[in-house]
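Enquirer: what's the 3D shape of this:
(2 chains)
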Protein chains: 2
Amino acid sequence: MSDVAQLNKVLDHVDADFDNSLTRLFALLRIKSISADPAFAGECKAAADHLAKDIASLGLASEVRPTDGHPAVVARSSGKSGGPHALFYGHYDVQPVDPLNLWHRPPFEPVVTDHADGRKIIVGRGAEDDKGQLMTFIEACRAWKSVTGSLPLNLTIVIEGEEEVGSKNFVPFLEKNKADLMADYALVCDTGMWDRDTPAITTSLRGLVYEEVKIKAANRDLHSGIFGGGAQNPIRVLTRILGSLFDDDGRITIPGFYDGVKDLPADILEQWRKLDLTAEKFLKPIGLSIPAGEKGRLLIEQISSRPTCDVNGIVGGYIGEGSKTVIPAEASAKVSFRLVEGQDPNKIRNAFREYVKARLPGDCRAEFTDHSNAPAVALDWNMKPLAAARRALAEEWGRDAVLMGSGASIPIVADFKRTLGLDSLLVGFALDDDNIHSPNEKYDLRSFHKGIRSWTRILAALAH
Amino acid sequence: MSDVAQLNKVLDHVDADFDNSLTRLFALLRIKSISADPAFAGECKAAADHLAKDIASLGLASEVRPTDGHPAVVARSSGKSGGPHALFYGHYDVQPVDPLNLWHRPPFEPVVTDHADGRKIIVGRGAEDDKGQLMTFIEACRAWKSVTGSLPLNLTIVIEGEEEVGSKNFVPFLEKNKADLMADYALVCDTGMWDRDTPAITTSLRGLVYEEVKIKAANRDLHSGIFGGGAQNPIRVLTRILGSLFDDDGRITIPGFYDGVKDLPADILEQWRKLDLTAEKFLKPIGLSIPAGEKGRLLIEQISSRPTCDVNGIVGGYIGEGSKTVIPAEASAKVSFRLVEGQDPNKIRNAFREYVKARLPGDCRAEFTDHSNAPAVALDWNMKPLAAARRALAEEWGRDAVLMGSGASIPIVADFKRTLGLDSLLVGFALDDDNIHSPNEKYDLRSFHKGIRSWTRILAALAH
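Expert: Numbers count the residues shown, from 1 in each chain, chains lettered A, B, ... in the order given. Okay, the predicted model is just below:
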């Protein structure tokens, strides 16, 4: 049988078996593997056990291995002689489900339902991130195994359970299991499409510096009727400092912030310009119309190739109903920076801290907490599997895959490079409106189906 | 018997009966009359009943009268022919007790205990505000009644139960009961001393404009990895606006904010300068050292005769433990302004709203809530009872009373002027460290004892 005929047979099997694929995904979605909450440790273990058992059916030697946190699943094919060896990565843990009252149905009782615009969608916590995505790969492998009795290439699968809480125990695990995890490159399914009809390969990821800053003034909360006008107010200090972080052109004012940041190569900029990502397309669905980033930059640059700053949370004083005339003793904010290639996270963190300290009135103190400190990652645009994946995706979707930068950081990609020396190929089928980390998380039924078909083709393409 | 001999006899009775005065105060403090919480409506009624019964024993016709909220107590002396007629005002309601875990003992089980510095203090919710303060007056009346069989002057007493929630139902009650409440002037015991050894009469009160502002941007919370850099962040907008409210000299930048504000008369300024209120004295106890108000003004001006602005609360985005890369859909702040004579609260409120709106990026909306809108009150420095009270206070404390401005607003003073045409005499024995509205509220035992003695003397002085 020709390669093409064989591939088509496997794709037919994917279509014929799709209802069963969905049933298997639902079984995984029903497990409440919330990694952030210790109360769900047993459910995390159950998800690992479930996956190890399921993956064993692909003919891989599969086991659950302990880490210092939630366990990981490791599975290895017995080893085809020659040919490339890929390491597939996914994570079985999911985000907490609060606020529960905003979900339209129980988050761990997945269903296929209709989106307001008629699309079929799978709704439930983890439907996309990352259970739905990782199952597109597992189901593609299952189809190959069912039809041909084996996988097209040598494969190791590793699935962790702490991605949503920073993978702190997974990186030491990688170090310790280096020998078992070595491969030629990594495959990661945790990213998105360009739009509903256009596949994408993510070739750069922004880094993340996430700082919490607390400003303290008086030794207790004060009554503003007695002390107002005389005593320093930490909210006044905090808003003054944060309010000065951007200039009128939307540029970040921290000295040295843009050091090392390079403009896009002219050809990439030209490709991006042609993508014509307008405010109408990108911002209108979320109720906005004006790009908020640096003036003079394309919107697509603002969200993917330029460094940014966001205050993700702020709190101080009285926040209940009604009014209270209090001058609080402290106020705090969570501030994050998305970094691009060329920026050093430690330098950015220190520059932010110096920026705050330089603006503190004499009576105030600042305390800082480091929540994240990850550099940006730029992938090799010429890596061999990328060409194979582009070919496969173009065949499945009928249009070229966009090589895009992602605004989000996926720290595991830097970890693979550092610990195992591996480059990663990032292919995923998420859409911007999937509500990941939010109530009513969903995955398009089409993303799940064509995602499985896409990996089926990519596996074939990678084998050569 | 000479007037002086009689007064001394009454004062001796105050001293001899002080333990009983304390017992009666404790009985009132045990009633959980929290006006803000509907669950305590029965306790508010119980406090009114208790006071009406207690005041009847002074020989006044005393009754509990309904309002559209918690009831008020009204009591009238049968009418000495001739002589002045005073209306005494206090409130029996107290603030909520949250956060309960910060109290060192149950808030409604009052005790006399030792302050860290050795002072004897009464601890419990309402110990000062306003149960302790109002009982200084009631106990002074009781002493006069016990020794002489009558009160030195015609008296009406009104005690409300909604001061801590804005007196919304009490003002219509005043209108309706005008005829019964008419007097020559009002006596209010809800203010403080200058310091532990120096009595004070409050002659001006700052007004209060209290606004809540909510900034809205996107139609839902966003993931900063996907939208960061492209989507407007309402915390960024809010901090930028609030951060610009003060210039480098601590002056408020809202156009027209200082319109109508007058400098102090030279002689008052000179008197205040001599009081030598230093940062060491006023700010050090709360852990601060640098006056935060307008540069070039005395600290005492900053806290009492100058208008101020404080952000009393701010909240937006993720405020839990750890980190979440969210761009929130909205962020809000509670902003209050202390006003002085000459400032129009409506103008200030509108100027603030215009200030915010003028700084909103195209994609953002602002919503405002009006929590308070009260003008400043300046009392007549030449009113007759003021001279009598100064005389009496100087005799009791051995030093002249300071005529001071209060940074806080006591709206009832403006209400008495507007509804009954009455000027108020504000004498009280609170200290800055009484923790009113906070856990571990206290009243110095000396404030309670010498407070009763002070009113005993003032009643005598007012009679002539």
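Enquirer: got any ranges where chain A has weak pLDDT?
Expert: A:79-81, A:381 (pLDDT under 70).
Enquirer: the residue most central in space within it: what's it in contact with?
Expert: With distances taken as Cα atoms, centre = their mean, A:Ile410 lies nearest the centre of chain A, 5.2 Å away. For A:Ile410, the contact set (Cβ atoms under 8 Å, 6 or more residues apart in numbering or on different chains) comprises A:188, A:190-191, A:205, A:377, A:426. For glycine as for every other residue, the C-beta is placed from the backbone atoms N, C-alpha and C.
Enquirer: the residues you listed: which two are farthest apart?
Expert: A:Asp190 and A:Val377 (13.1 Å; Cβ to Cβ).
Enquirer: can you tell me the SS state at A:Arg220?
Expert: Using DSSP: H, G, I helix; E, B strand; the rest coil, the structure places A:Arg220 in coil.
Enquirer: er, A:Leu28 actually
Expert: helix.
Enquirer: how about the helices in the stretch 351-464 of chain A?
Expert: A:384-397, A:411-420, A:445-462 (DSSP state H, counting those that start in this stretch).
Enquirer: tell me the helices and strands packed up against the shortest one.
Expert: Contacting helix A:411-420 under the criterion 3 or more Cβ pairs under 8 Å, 6 or more residues apart in numbering or on different chains; DSSP states H and E are the following elements: strand A:85-91, helix A:170-176, helix A:178-181, strand A:185-188, strand A:377-378, strand A:424-427.
Enquirer: between the two ends of stretch A:171-182, how far is it?
Expert: 14 Å (Cα to Cα, to the nearest Å).
Enquirer: stretch A:361-380 too?
Expert: End-to-end for stretch A:361-380, by Cα to Cα: 47 Å.
Enquirer: that stretch near chain B at all?
Expert: Yes. Using Cβ under 8 Å from any Cβ of the partner chain, stretch A:361-380 reaches chain B at A:361-363, A:371-372.
Enquirer: who touches A:Glu301 in this structure?
Expert: Neighbours of A:Glu301 in contact, by Cβ under 8 Å, 6+ apart: A:264, A:269, A:272, A:293.
Enquirer: how about 10 Å then?
Expert: A:263-264, A:269, A:272-273, A:277, A:291, A:293-294, A:340, A:405, B:229-230 (Cβ atoms under 10 Å, 6 or more residues apart in numbering or on different chains).
Enquirer: so what's the closest residue to A:Leu187 other than its chain neighbours bridging to?
Expert: Leaving aside its sequence neighbours, A:Leu187 sits nearest to A:Phe88 (Cβ to Cβ, 6 or more residues apart in numbering or on different chains; 4.7 Å). Bridge pairing for A:Phe88 (DSSP bridges) gives the partners A:Ile157, A:Leu187.
Enquirer: hmm, A:Lys216 is touching A:Phe368, no?
Expert: No. Counting by Cβ atoms under 10 Å, A:Lys216 stays clear of A:Phe368, with 12.0 Å between them.
Enquirer: sorry, back to before: inside strands: which ones of the residues of stretch A:361-380 next to chain B?
Expert: Cross-referencing the residues of stretch A:361-380 next to chain B against strands under DSSP state E gives A:371-372.
Enquirer: closest one to chain B out of the residues of stretch A:361-380 next to chain B, please.
Expert: A:His371 (3.8 Å; Cβ to the nearest Cβ).
Enquirer: the closest one contacts A:Lys168, correct?
Expert: No. Under the criterion of Cβ under 10 Å, A:His371 is not in contact with A:Lys168, lying 11.8 Å apart.
Enquirer: who has more neighbours, those two?
Expert: A:His371 (19 against 11; other Cβ atoms under 10 Å in any protein chain shown).
Enquirer: so what's the residue count around the closest residue to chain B within the stretch 351-464 of chain A?
Expert: Closest to chain B within the stretch 351-464 of chain A is A:Ala408: 2.5 Å, counting by Cβ to the nearest Cβ. By other Cβ under 10 Å, 22 other residues sit near A:Ala408.
Enquirer: give me the distance between it and A:Glu128.
Expert: Distance of A:Ala408 to A:Glu128, computed by Cβ to Cβ, to the nearest Å: 13 Å.
Enquirer: what touches both of these two?
Expert: A:190, A:192, A:436.
Enquirer: out of these, who's near chain B?
Expert: A:192, A:436 (Cβ under 10 Å from any Cβ of the partner chain).
Enquirer: where do the helices sit along the stretch 1-150 of chain A?
Expert: Using DSSP H, counting those that start in this stretch, helices in the stretch 1-150 of chain A cover A:3-16, A:18-29, A:41-56, A:131-148.
Enquirer: give the buried residues for the last one.
Expert: Using 16 or more other Cβ atoms under 10 Å in any protein chain shown as the burial criterion, the residues of helix A:131-148 that qualify are A:131-145, A:147.
Enquirer: mind listing what the closest residue to A:Ala218 other than its chain neighbours touches?
Expert: Distances taken as Cβ to Cβ, 6+ apart place B:Ile286 nearest to A:Ala218, at 4.4 Å, with adjacent residues excluded. By Cβ under 10 Å, 6+ apart, the contact set of B:Ile286 is A:217-222, A:226-227, A:230-232, A:327, A:329, A:363, B:432-433.
Enquirer: does the residue lying farthest from the centre of chain A count as helix, strand or coil?
Expert: Farthest-out residue of chain A from its mean C-alpha position, per Cα atoms, centre = their mean: A:Ile226, at 48.9 Å. Of the three states, A:Ile226 takes helix under three-state DSSP.
Enquirer: that older thread, just the buried ones from the contacts of B:Ile286?
Expert: Buried, going by 16+ other Cβ under 10 Å: A:217-218, A:221-222, A:226-227, A:230-232, A:327, A:329, A:363, B:432-433, out of the contacts of B:Ile286.
Enquirer: nearest to B:Leu238, of those residues?
Expert: Closest to B:Leu238, out of all of the buried ones among the contacts of B:Ile286 and judged by Cβ to Cβ, is A:Ile327, at 18.4 Å.
Enquirer: got phi/psi on the closest one?
Expert: phi -110, psi 110 (degrees, to the nearest 10).
Enquirer: for it, which non-adjacent residue is spatially closest?
Expert: A:Leu222 (4.2 Å).
Enquirer: so who does that neighbour touch?
Expert: A:228, A:230-233, A:325-329, B:286, B:288, B:310, B:432, B:438.
Enquirer: count the residues that sit near A:Val112.
Expert: Neighbours of A:Val112 (other Cβ under 10 Å): 15.
Enquirer: and the residue of the stretch 1-150 of chain A nearest chain B?
Expert: A:Ala36 (7.9 Å).
Enquirer: against B:Val377, how distant is that residue?
Expert: Distance from A:Ala36 to B:Val377, by Cβ to Cβ: 53 Å.
Enquirer: please apply the same query to A:Pro96.
Expert: 51 Å.
Enquirer: who's more crowded, these two?
Expert: B:Val377 (27 against 17).
Enquirer: export stretch A:241-252 to PDB, keeping only CA atoms.
Expert: Presented in PDB, the C-alpha positions along stretch A:241-252 are these (Å, rounded to 0.1, in the frame of the first residue of the first chain):
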ATOM      1  CA  ILE A 241       3.500  54.700  40.700                       C
ATOM      2  CA  LEU A 242       1.400  52.300  38.500                       C
ATOM      3  CA  GLY A 243      -0.300  55.300  36.800                       C
ATOM      4  CA  SER A 244       3.100  56.400  35.500                       C
ATOM      5  CA  LEU A 245       4.100  53.100  34.000                       C
ATOM      6  CA  PHE A 246       2.900  54.100  30.500                       C
ATOM      7  CA  ASP A 247       3.600  57.200  28.500                       C
ATOM      8  CA  ASP A 248       1.100  58.800  26.200                       C
ATOM      9  CA  ASP A 249       2.200  56.600  23.300                       C
ATOM     10  CA  GLY A 250       1.600  53.400  25.300                       C
ATOM     11  CA  ARG A 251       5.300  52.700  25.800                       C
ATOM     12  CA  ILE A 252       6.500  51.400  29.200                       C
END
